[in-house]
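[1] Sequence and predicted structure are below.
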Amino acid sequence: MPFPSDFEMVFDIAKPSDAKEAAALGDAENFVRAINYGVVRQDPEDAAYKFYSTVGSTAQSYAKTQIKQYLDGGWTVTGVQRYSRGKVDLAADGQRASVSFCDDDSKFYGKEVKSQKILKTSPSDKDYYYFEIVMAASPEAEGLWTAENVKVQTKAIQCRA
């Protein structure tokens, strides 16, 4: 998923040694990337987030809603999103995992598509989010994990550096 040169997503998260945990984490990261990819492409039906989310899931609805909010506002993304403090809890059956991480948006902004004006904001607690994503091993594709559910805590001050 290529992004414009003025936007970067940084995942400062150590990969787990367990292969299933590493795959679940990697595809949770890809799910979040795919949301921004849909925003950049200005397409709430973009295939990327659909690939990394379970059909008909709340995660898929969440992704579409996020993309649509940017589209409706006439915005795209710019700046840097920094993800850290990743954690993976694999279910006993090895088919589901809870993936969580912090998101620091203090250097991430919306940008008007038409004028290219960057919508800078003053730093605040609103810049920090805590994601919890339930990932499921795909029955169709070996090694692929898809997002089923997403919970996002806003003003996640525990995620401040």
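    Good, I have the coordinates.
[2] is it fair to say Ala23 lies in a helix?
    Yes. Ala23 forms part of a helix when assessed by DSSP: H, G, I helix; E, B strand; the rest coil.
[3] ok, it touching Ala141?
    No. Taking contact to mean Cβ atoms under 8 Å, the distance of 10.9 Å between Ala23 and Ala141 leaves them out of contact. From N, CA and C alone the C-beta is placed, and that goes for glycine too.
[4] Same drill for the two, tell me which one is more crowded.
    For the pair Ala23 and Ala141, the greater number of neighbours falls to Ala23 (21 against 10), based on other Cβ atoms under 10 Å.
[5] For the more buried one, give me its contacts.
    With contacts defined as Cβ atoms under 8 Å, 6 or more residues apart in numbering, the neighbours of Ala23 are Gly143, Leu144, Trp145.
[6] likewise Asp27?
    Contact analysis of Asp27 by Cβ under 8 Å, 6+ apart lists Tyr52, Met135, Leu144, Trp145, Thr146, Ala147.
[7] how close does the residue nearest to Glu21 when sequence neighbours are not counted get to Arg41?
    Take Glu21 and drop its neighbours on the chain: the residue closest to it by Cβ to Cβ, 6 or more residues apart in numbering is Val88, 4.2 Å away. Using Cβ to Cβ, to the nearest Å, one obtains 29 Å as the distance from Val88 to Arg41.
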